[in-house]
Every structure is written in structure tokens, then in C-alpha cells.
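Novice: quick one, fold the following:
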Amino acid sequence: MRETSDKENLVKSYDLANSILPKELPYITYEEADKAAKLLARKFGKLKDAAPIRYRNYPTNIRIRKCWICLSGDSSELHKGWRRLIHDMAHRLFRYRNPNLPDHCKLQADFEAEMVTYVNQSGWLNGSLKPKAKPKLSNDEKRNVKIIRLKQNILRWETKMKRGNTYLKKYKAKLKRLSN
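Specialist: Numbers count the residues shown, from 1 in each chain. Down below sits the predicted model:
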């Protein structure tokens, strides 16, 4: 890991970044972490902000780390939950933007503070990224949904059968023409 020699300013910048988030953070599920990582990559990983050696946006197919998910315990610590997700994504995206700078430097800490501010203002900590609950269907509604799907499947396969018969006719006629 590449380090900076300016430790004093680095600590001040990280303290600023950590002070922006509330003291008590909510728990974060896998779905929320997945959405948040993709949205952060889309927002801060644009090609126009990248280093000149980059030729496309930062990829959004991000592997979710276990330490980003926090369903119990103290979710406000740096080693898991929202703080860890933002910290890790800040490092990844900073490296994408500035490949020649150290991983821990004042610029990276300032970039992390910018990301923390964005997360704070976007309302993600209030649960806006949580998946919407699907309404419970009664048994009659479930049965009706299955009936509709079965009818659609029958129509789809009848169409395929008609198309197959049409091709068989064409190929048989072509074979008959060529055989004579």
C-alpha cells in the first residue's frame, strides 16, 4: 500500500470525512450495499474524471465485500457497514482517477469526504435503497397469475409451432424443386 509522508494533514482530512456521517448509522443489507456501490461507481467513476490512461467508465459490476454488509452489532465502526463501504469505494475510485498518487493521501481523504457528503445528502442512510416489499397475494390471486402465465406460454408455443410448420413446408417445397 502506498502511503503519504504528510501524516498530519492526512489525519485531519480523514477526521473531517468521518465527522460528516452521523454517529449512529443504520444496518446495511446486501441489496443496499450492491445498489450503493453501483451508484457510487456511476457517480464518481465517470470517464471525464478519470486518469488519461483510462478509456471507459469505472465498471459497475462490483463484487460486494462481506464487510460492507452489517446486519447486527455496531454498524457505526469503520471495519463494517456504511463507513467501510464508502471508504473502500473511495479508495477504488480514487485509484481509478489518480493511479500515480498514494492510496492514503490528503487528496484521497478529501475525495472520501466528498463521497460521504454525497451519501449523506442522497438519503441512502434513511433506507431509500432498501428493496420495496412485494404485496402479499391471496390464493385466488396467485392462481389467477398462474393461469395467465400458462395461457401466455401456450400462445408462445403455438406461435413457435406455426413458425416451425411454415419452415417445414418451405424446406419440403425447396427439396421437391431441387429433386426434379
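Novice: hey, let's count contacts and neighbours off CA atoms from now on
Specialist: Noted.
Novice: for the longest helix along the chain, the averaged confidence score.
Specialist: Criterion DSSP state H: the longest helix present in the chain is helix 139-179. Helix 139-179 shows a mean pLDDT of 96.
Novice: shift numbering so it begins at 22
Specialist: With the count now opening at 22, the last piece we talked about shows up as helix 160-200.
Novice: ok, and what's touching stretch 73-90?
Specialist: 48-51, 54-55, 58-60, 62-63, 66-68, 71, 100-103, 105-106, 114, 117 (CA atoms under 8 Å, 6 or more residues apart in numbering).
Novice: same thing with stretch 94-103?
Specialist: Contacts for stretch 94-103 (CA under 8 Å, 6+ apart): 44, 45, 46, 47, 48, 49, 88, 89, 90, 91, 104, 105.
Novice: follow-up on the earlier one: ok now the longest helix of the chain, how far from the chain's centre?
Specialist: Centre-to-centre, helix 160-200 and its host chain are 38 Å apart (CA atoms, centre = their mean, to the nearest Å).
Novice: now stretch 41-57
Specialist: Counting by CA atoms, centre = their mean, stretch 41-57 comes out at 13 Å from the chain centroid.
Novice: for the worst-scoring helix or strand of the chain on mean pLDDT, packing partners?
Specialist: None of the helices or strands of the chain scores lower by mean pLDDT, DSSP states H and E than helix 28-41, at a mean of 76. If you count contacts as 3 or more CA pairs under 8 Å, 6 or more residues apart in numbering; DSSP states H and E, helix 28-41 packs onto helix 127-143.
Novice: tilt between the helix it packs on and helix 28-41?
Specialist: Here helix 127-143 points in a direction 10 degrees away from that of helix 28-41 (axes from the mean of the first three to the mean of the last three CA atoms, to 10 degrees).
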